[in-house]
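Trainee: The following comprises the amino acid sequence and a computationally predicted model.
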Amino acid sequence: MSAADLARLQFAATTGIHWLFVILTMGLVPLVAIMHTRAAYTRDPAKRAVRERMTRFWGQLYVINYAVGIVTGLVMEFQFGLSWSGLSKFAGNVFGAPLALETLIAFFAESTFLGMWIFGWGRMRRGVHVTLIWLVALTAYASGYWILIANGFMQHPVGYEVRDGAAYLTDFGALLTNSSALVALGHIALAALTTGGVFVAGVSAWHFLKGTQETELFRGSLRLGLWVSMLASFFVVVVGEMQRPVIERTQPMKDAVLENSGSDVAELQARLVKEYGPGDYVPWQDTMRISMDVMTIIGNTVSTITIIALVLLWKDRLIRWRWASWLLVATVPFPFIASAGGWVVREVGRQPWLVYGELTVEDALSRVSTASLAVSCTVFIAVFVALAVTNWTLISRFARRGPDATQLGATEPLPDDAPEGPGGGGADEQLPVPAL
């Protein structure tokens, strides 16, 4: 393999693995926020206790995924200086600000809010505590927005001018409203909610298959996961189609390949050669079409399954019919696979450009030896695979153990003479002591 092939393989593998963490994080946190809000404002003590246990159980799975995902994000950024110095040199003046804002939001604001939420059980007023998890959700999606602003510039560069071989920002507003970023953000947000909803529904169905005693907890989780995933999976297809006019206008070659129009591909290849010089401007057609088909088929399948499952919730048929529960469990990986397919279509489709129409992959590559890239590629992929295995091992273990094994917000009873704390409770409440 050439140096360029190794660098592309390394970035594709690490970014693809990192994205699996991101989409579950973005998908789970709104559901946890909904659960916590319902728990905090439920008057009935028995229902409030069940909903609080529900929040803590799913919140712990979210925290595990978030913590390991942060590590993959930090490691992934090292590649920009190692393998793609040409990209930083050309476009750093433009998307340096969005990436810096993403770092401030993801690694400072989001992490701070999450830390306060984790250690705030029983130490904060319920309104403040609930607000924190909603702030975590808000900053998670804000972080995704800034990442897509940077990626949107690479897909469809706007609001810049080139001076002395480098791009300089001239219109920040155009950068922030780039259609290639905004429509993609809607599609990704809905894909994340689909992923989170299917995950919650699948794990809940698994516990019913195993004869759980936590029937109210998992019945509520199952219902919430199915409603969220059903609505999100329907609209994710709609918003996905809304990207086609944007692609047709900004990346006609990608559109021609997806339409499987051989005559348009040949015509565009000739036009791009005339405009940019000799080269192969046709992305990997089979890879793109297969990825697109996989994403479309899975999206429609998940939408159908969740609609049927919601109907079967009536009179607990979904719980009583084991084949239906097993189908939900088997559906859990589907949104991850579809999301990976969408990522392939978006990134492979603009090849051979790294910044469309301005900077090719070959020109962006650092002047690093093939041997060095082979070593870094092997190390990076091994680290990311190890992190992914660790993450899913931990999530699977705590998901299987159920709410009894939840350590997030673990509680100890207050002594009878304990004074009222900042949460507004008295001696009849419990003081959560988060486990480190």
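Mentor: Sure, I can see it.

Trainee: Quick check: phi and psi on R163?
Mentor: R163 adopts backbone torsions of phi -130, psi 130, taken as degrees, to the nearest 10.

Trainee: residue contacts, A7?
Mentor: Residues counted as contacts of A7 (C-beta atoms under 8 Å, 6 or more residues apart in numbering) are 83-84, 365-366, 368, 373, 377. Bear in mind the C-beta positions are built from the backbone N, C-alpha and C, glycine included.

Trainee: quick one: which of the residues you listed is most hemmed in?
Mentor: With neighbours taken as other C-beta atoms under 10 Å, the top of the contacts of A7 is S83, carrying 25 neighbours.

Trainee: Which residues are in contact with L217?
Mentor: Shown in contact with L217 (C-beta under 8 Å, 6+ apart): 50, 53-54, 57, 403.

Trainee: What pLDDT does the model give it?
Mentor: In the predicted model, L217 carries a pLDDT score of 95.

Trainee: Same check on C377?
Mentor: Per-residue pLDDT puts C377 at 88.

Trainee: Over to the one 4 residues further on?
Mentor: What the model reports for I381 is a pLDDT of 91.

Trainee: V71 now?
Mentor: 83.

Trainee: and what of A330?
Mentor: As predicted, A330 sits at a pLDDT of 96.

Trainee: Against which helices or strands is the helix or strand it falls within packed?
Mentor: Here A330 sits within helix 322-331, counting by DSSP states H and E. Packing partners of helix 322-331 (3 or more C-beta pairs under 8 Å, 6 or more residues apart in numbering; DSSP states H and E): helix 179-209, helix 285-312, helix 317-320.

Trainee: relative to helix 322-331, how tilted is the longest one?
Mentor: Counting by axes from the mean of the first three to the mean of the last three C-alpha atoms, to 10 degrees, helix 179-209 points 140 degrees away from the direction of helix 322-331.

Trainee: now what about stretch 278-295, what contacts it?
Mentor: With C-beta under 8 Å, 6+ apart as the test, stretch 278-295 has contacts from 240, 253-254, 257-258, 260, 265, 268-269, 272-273, 337-342, 344-345, 348-352, 360.

Trainee: about what we covered before: could I get the contacts of A7 as a markdown table with distance to I308 and secondary structure?
Mentor: What follows is the contacts of A7, written out as a markdown table (distance: C-beta to C-beta, whole Å; DSSP: H, G, I helix; E, B strand; the rest coil):
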| residue | distance to I308 | secondary structure |
| --- | --- | --- |
| S83 | 46 | helix |
| W84 | 45 | coil |
| L365 | 49 | coil |
| S366 | 51 | coil |
| V368 | 52 | coil |
| L373 | 48 | helix |
| C377 | 43 | helix |
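
Trainee: Please identify which pair of the contacts of L217 lies farthest apart.
Mentor: Using C-beta to C-beta, the pair of the contacts of L217 lying farthest apart is V50 and F57, separated by 10.6 Å.

Trainee: Now do the strands in the stretch 51-200 of the chain.
Mentor: 160-163, 166-169 (DSSP state E, counting those that start in this stretch).

Trainee: which one of the ones you listed has the most crowded surroundings?
Mentor: strand 166-169 (a mean of 17; mean count of other C-beta atoms under 10 Å).

Trainee: what are the pairing partners of that one, and which direction each?
Mentor: strand 160-163 (antiparallel) (DSSP bridges).

Trainee: Excluding its own residues, what touches the strand it pairs with? List them.
Mentor: 94, 153, 167-171, 175, 358.

Trainee: Stretch 232-249 too?
Mentor: 156, 179-180, 183-184, 186-187, 190-191, 193-194, 197, 254-255, 258, 295-296, 299-300, 302-303, 306, 342, 349.

Trainee: Selecting buried members of those residues in ChimeraX, what would you type?
Mentor: Of the contacts of stretch 232-249, the buried ones go into a single ChimeraX selection, burial set by 16 or more other C-beta atoms under 10 Å:
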select :156,179,180,183,184,186,187,190,191,193,194,197,254,255,258,295,296,299,302,303,306,342,349
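
Trainee: Now do the helix or strand harbouring T378 against helix 179-209, angle only.
Mentor: Assigned by DSSP H and E, T378 belongs to helix 370-401. Interaxial angle of helix 370-401 relative to helix 179-209 (the same axes, to 10 degrees): 40 degrees.
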